[in-house]
Structures are given as C-alpha cells and as structure tokens.
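K.L.:
pasting the sequence and the predicted model now:
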Amino acid sequence: MDLLGIAIGFILGLISSWLFWRWQLMIAPHFTISSQIAVRPALHDPSKLVYQIKIVNRSARSIIDMTASLGVGEVAREGLGRKTIHLVKLRPEAPTYIGPATGHYDPWSITCVHYYTSEPDNRVSELLTEERKLVFTVQATDAHSGTTVLKRVLYEAKDIVKGHFEGGAESGSEIRVIQSQPEALNDGSARAEQGLLADAKDGEVEV
C-alpha cells in the first residue's frame, strides 16, 4: 500500500510539473525576430548605412520593457566564450513595448510590429568576416503575467540584405527582407525613402 501511495504521488508530481511547465510557456512572450537584417542608406545621409531588424508579436498579450543589443562578435582566441569587438547603437535605446497581435490594421492602435534601427554605421561591413557574427539579443516581458524571456539571433554577412521589410505582420514564421532592385540602389535617398514609407504604417520608424 505504501509503495502504491508513493507511486501515485510520484506520478501526480510529474503531471503537476508538466502542467506548470506548459503554463509557463503559455504566459511567456511569443514574438518572431526577422531572419535577415535590412540595410539601406540613411534617409538624411545616403552615404551612410542603417541596419534594421523587425520584431512581430505573435501573442494576444502586449509586450513591455523590451530592450535589445546588437554587436559584432567573435570566438575568443584565448580561453572560452566569445568577445564583442564592435557595438552597434540601436534606436530606441530606452525600453519599449509592442501591442498584441491583431488580424486587422488600425493606425490608432498600439502596433504589434516593432523595428530596431541602428545609428548610421559603416564599420559592420568591414568587421563582419566569415569567423564573426552579428549578435542580436532581446529581452521582453509579457504585460499580463510579468514573465520575461531572452532571445538571441546570430546573423552572418549573407543575412544582411539591401532592401526593406514588407509592411505589416507577416503570417509566416520567417520574416525576410524584400531586396532592392540593383538599378534602384544607385539612388540611395530615393531607396531609403521608399523603404521608410513601406514600414511607416507599422509604427514610428527612425532611420
């Protein structure tokens, strides 16, 4: 009888742990980060480049206190781990928020799409060799449960694409860049303006 009670208690403990784990997953922020980085000339200075990463909230709950960092990293030559050799300044710097996922577009609502845009930076293309990666890290908190998650995406040189993101929250799990036409790249200011207009309906975009 004692063994039966122990077995039942053990099974109930496993079930409770599994249910708690599932509950934690349900209340955590769910968002998608673009698998590519869009690069285009800065609007006010086409001789410089800006890098843009798109984030889409996939949850019915808002995300708050979201912060991010981006830097060029490489594996340390001595010891373990990696080191950051160049930090890319992102805007906004302060914690920000994203609205819940919706099935329709409302210009007055809190958008479910957010863009992290870099300050004009011309060092990334020089430093991003085959051995190095762009490391993008996001911390985000669910507005209702207070659960915080960390996500990290690694980008290689091939993941940086000249172009802009499609407007809106794409339904697919992968967010990719719409490439610029080669002939359009010669007109940097026009290209930057076109990309800005494509993204502006999803919220404030700084370039």
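P.N.:
Nice, thanks for sending it over.
K.L.:
could I get the contacting residues of Val177?
P.N.:
Val177 is in contact with 34, 36-38, 161, 163-165, counting by CB atoms under 8 Å, 6 or more residues apart in numbering. All C-beta spots, glycine's among them, are computed from the backbone N, C-alpha and C.
K.L.:
buried among the residues you listed? Need that as a selection in ChimeraX.
P.N.:
A single ChimeraX command selects the buried members of the contacts of Val177 (16 or more other CB atoms under 10 Å):
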select :34,36,37,38,161,163,164,165
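K.L.:
sort out for me which of the contacts of Val177 are in strands.
P.N.:
37-38, 161, 163-165 (DSSP state E).
K.L.:
top strand in the chain by residue count?
P.N.:
Assignment by DSSP E; longest strand in the chain turns out to be strand 63-75.
K.L.:
now the strands for the chain?
P.N.:
Under DSSP E, the chain gives strands at 31-33, 37-41, 49-57, 63-75, 82-88, 90-91, 96-98, 113-118, 133-142, 148-155, 160-165, 177-179.
K.L.:
what's the closest of these to Gly13?
P.N.:
strand 148-155 (25.7 Å; CB to CB).
K.L.:
next up, the contacts around the residue most central in space within the chain.
P.N.:
In the chain, the centroid-proximal residue (CA atoms, centre = their mean) is Ile33; its distance is 3.6 Å. For Ile33, the contact set (CB under 8 Å, 6+ apart) comprises 53-55, 136, 138, 151, 153, 175.
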